[in-house]
Structures are given as structure tokens and as C-alpha cells.
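Any chance you can model this:
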Amino acid sequence: GPGTGKTAAAAWVAEAAGRAAGCRAHTTYLDCRLLAGETPADQLGALMPLVAEAVACMPSLLILDSIEVLCPSAAQSSAEAAGGAGGQNVHVLANHLARILDELRDPRRPPLPLVVVGTCKDSSEVAEPLRAAGRLDVVVSLPTPGAEQRAAMLAADLEVRGAHLPQAELQAVAAQMEGYDA
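Down below sits the predicted model:
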């Protein structure tokens with residue numbers, strides 16, 4: 001769901017895996033929402049240098065945050081097309097990205113020390129070709145934080161900013177934010 005810490009969790013796992021292996025994994029990040037509305041060619045033009053960076057800096061983690069924005073499922077893109085925003089172009093990037101993932105996981109060579117993570121609100125909203133075996137096929141669901149977790153997140157964020165709220169006020173604010181992160 002939104003605001004559950006998907007991207008932070010992916011980066012933390014990469015960092016922990018790197019420590020366990022005695023190295024530091026390079027992280028390459030793309031907020032796919034920034035490319036919404038661009039042509040598939042421009043989206044691919046933004047993506048390819050990041051893939052190349054991730055490969056050049058292995059071991060690495062490539063995070064495609066909010067991937068459903070660029071590579072929506074057929075149901076999502078049909079709904080968008082009905083609203084006047086979609087079209088067949090949305091599948092161009094998904095199919096190209098599927099080919100890239102296949103090349104990165106070529107069974108004729110040893111596995112690359114590269115993990116590709118696509119974060120999304122709901123995995124069913126991601127294009128079907130990307131959810132196929134060997135691509136983005138492992139789904140990790142994180143629940144939306146509860147009121148207690150939101151209060152702790154708010155307190156930590158305020159502390160970083162040099163601010164403070166009494167616990168009762170933090171809890172009251174957090175209780176009003178059901179369905180959101182801090």
C-alpha cells in the first residue's frame with residue numbers, strides 16, 4: 001500500500017545483504033512518477049542509463065519506485081484509455097523492460113549480483129509481462145502502518161527537524177491519518 005516504506009525496505013535489504021557479503025551494494029533509484037506523461041521513447045531513454053549504471057556498479061540494487069505508473073497492467077491501462085489517457089503505448093516500455101530483465105537473468109551465465117525491485121501500491125496493477133517468472137516475480141506486501149507506528153514515524157521525523165510534540169498530540173494526529181504513512 002502507499003506509505004508503507006516499500007522503497008526504504010528494499011534499500012535496507014540491499015544494505016544488509018551487502019554487509020553480510022562483506023561489500024556495499026550500489027543503489028540506483030528511479031521514481032517512475034517523474035516520467036509519467038513522457039513518451040515511451042523518453043521513458044526508455046531515462047531508464048537505460050540507470051540500468052547501465054546498475055550493471056556497471058555491481059553488486060547493485062535497481063529500484064523502480066511506483067513502477068505501475070510506467071508499466072500498468074492491461075486492466076489499468078484499459079481503464080486509463082477509457083478515461084482518455086491511455087493507449088497501446090503503455091505496453092512498449094513494459095515489453096522492453098521485460099526483455100532487459102530476461103537479458104540480465106540469462107541462464108547461460110552465472111547470476112549477476114544485481115537485484116531489480118519494482119515498488120507499487122498493488123502488484124496486480126503492474127504489467128503482466130513484468131510479473132512473469134524470473135522477472136519481478138517475488139511479491140512482498142507491506143501493510144499500511146497503524147496509529148502507533150505512524151506516531152513513532154512522526155516523532156522521528158519531528159526530531160530530525162528539531163521539533164517536538166507531546167505524546168498525546170502525536171497519537172491524536174496519527175489516529176487521524178488512517179491509511180497514510182507519516
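
alpha carbons only for contacts and neighbour counts from here, please
Fine.

In the protein, where is pLDDT below threshold?
Within the chain, the ranges that satisfy pLDDT under 70 run 1-4, 78-90, 179-182.

And the helices in it?
Assigned by DSSP state H, the helices in the chain fall at 6-21, 40-56, 74-82, 90-104, 147-160, 167-175.

Output those helices in CSV, with mean neighbour count appended to each entry.
Listed next are these as CSV, based on neighbours: other CA atoms under 10 Å:
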stretch, mean neighbour count
helix 6-21, 16
helix 40-56, 16
helix 74-82, 16
helix 90-104, 18
helix 147-160, 17
helix 167-175, 15
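
for those, which one sits closest to residue 118?
helix 6-21 (8.9 Å; CA to CA).

How far away from the center of its chain is the closest one?
A distance of 14 Å separates the centroid of the chain from that of helix 6-21, by CA atoms, centre = their mean, to the nearest Å.

likewise stretch 43-56?
The mean C-alpha position of stretch 43-56 is separated from the chain mean by 15 Å, CA atoms, centre = their mean.

export that stretch as PDB, just CAs?
Provided in PDB are the C-alpha atoms of stretch 43-56 (Å, rounded to 0.1, in the frame of the first residue of the first chain):
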ATOM      1  CA  GLN A  43      10.900   6.900 -20.600                       C
ATOM      2  CA  LEU A  44      13.200   4.300 -22.100                       C
ATOM      3  CA  GLY A  45      15.900   7.000 -22.600                       C
ATOM      4  CA  ALA A  46      15.700   7.800 -18.900                       C
ATOM      5  CA  LEU A  47      15.700   4.100 -17.800                       C
ATOM      6  CA  MET A  48      18.500   2.700 -19.900                       C
ATOM      7  CA  PRO A  49      21.400   4.800 -18.300                       C
ATOM      8  CA  LEU A  50      20.100   3.700 -14.900                       C
ATOM      9  CA  VAL A  51      20.200   0.000 -15.900                       C
ATOM     10  CA  ALA A  52      23.700   0.500 -17.300                       C
ATOM     11  CA  GLU A  53      24.800   2.200 -14.100                       C
ATOM     12  CA  ALA A  54      23.400  -0.700 -12.000                       C
ATOM     13  CA  VAL A  55      25.200  -3.200 -14.100                       C
ATOM     14  CA  ALA A  56      28.500  -1.200 -14.100                       C
END
